[in-house]
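1. Predicted coordinates and the sequence they were generated for:
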Amino acid sequence: MDKVLIDTNIYAADEMGYQDVVEFISQLIDDDRVMIMTSLVEMEIMSFWEIEIDPTIKANRERYIEMADEMYDVSKSEMHLAAKIRRKARADIQQQKSIKAPDAIIAASAFIHNATLVSNNDKDFTWIRDHFTYNNRKLDYVSPIQDKQDYADFNKAFVESRRN
């Protein structure tokens, strides 16, 4: 795992302080992993409406962008590969899987930049890993969130605390 592409949902979990993710990102930094970011992830990070009302959130989001060792605009090659991923998913007779365009683009970016994809979207990215190859490679995918129920409970408690 030399290069890593971190999905927006992992940055959000880190920002909330979910310990597994905080430790995982810390380990990536300690291990000197090359952290890459695409313009799509950058856009998603900066799209949260809370940025307009909370300068701390805006500063946190900008810090994630600054953490990136390499920044890439989404290329035509990534768009074509994302389309191919989506076609293959929909053509799967057993599942007729529907993968959202942004997720397919993120997976395509990980393929093209030869990076490990770090996300909590097991539903889509494990399907891509298990059913799709690019240049004879499977998607290198990892989720630092092992206990999905614990994370769901944590997320719910976090949202409730923000309302109060």
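-> Happy to help now that I have it.
2. all helices for the chain, in order.
-> Using DSSP state H, the helices found in the chain span residues 8-16, 19-30, 39-45, 55-67, 76-91, 101-112, 122-131, 148-163.
3. Go ahead and name everything in contact with the worst-scoring helix or strand of the chain on mean pLDDT.
-> When each helix and strand of the chain is scored by mean pLDDT, DSSP states H and E, helix 148-163 comes last, with a mean of 91. Residues outside helix 148-163 that contact it (Cβ atoms under 8 Å, 6 or more residues apart in numbering) are 13, 16-18, 20, 120, 122, 145. In short, each C-beta sits where N, CA and C put it, glycine included.
4. now that we have those, which one has the most neighbours?
-> Most neighbours among the contacts of helix 148-163, by other Cβ atoms under 10 Å: Ala13, with 24 neighbours.
5. Please give me every residue in contact with it.
-> Ala13 neighbours (Cβ under 8 Å, 6+ apart): 21, 120, 145, 151, 155.
6. and if you look at Ala12?
-> Ala12 makes no contacts at all, as judged by Cβ under 8 Å, 6+ apart.
7. please begin residue numbering at 13 from this point
-> Shifting the count to begin at 13 puts that one at Ala24.
8. and it, how far is that from Ser59?
-> Using Cβ to Cβ, to the nearest Å, we find Ala24 at a distance of 11 Å from Ser59.
9. Appreciated, that's everything.
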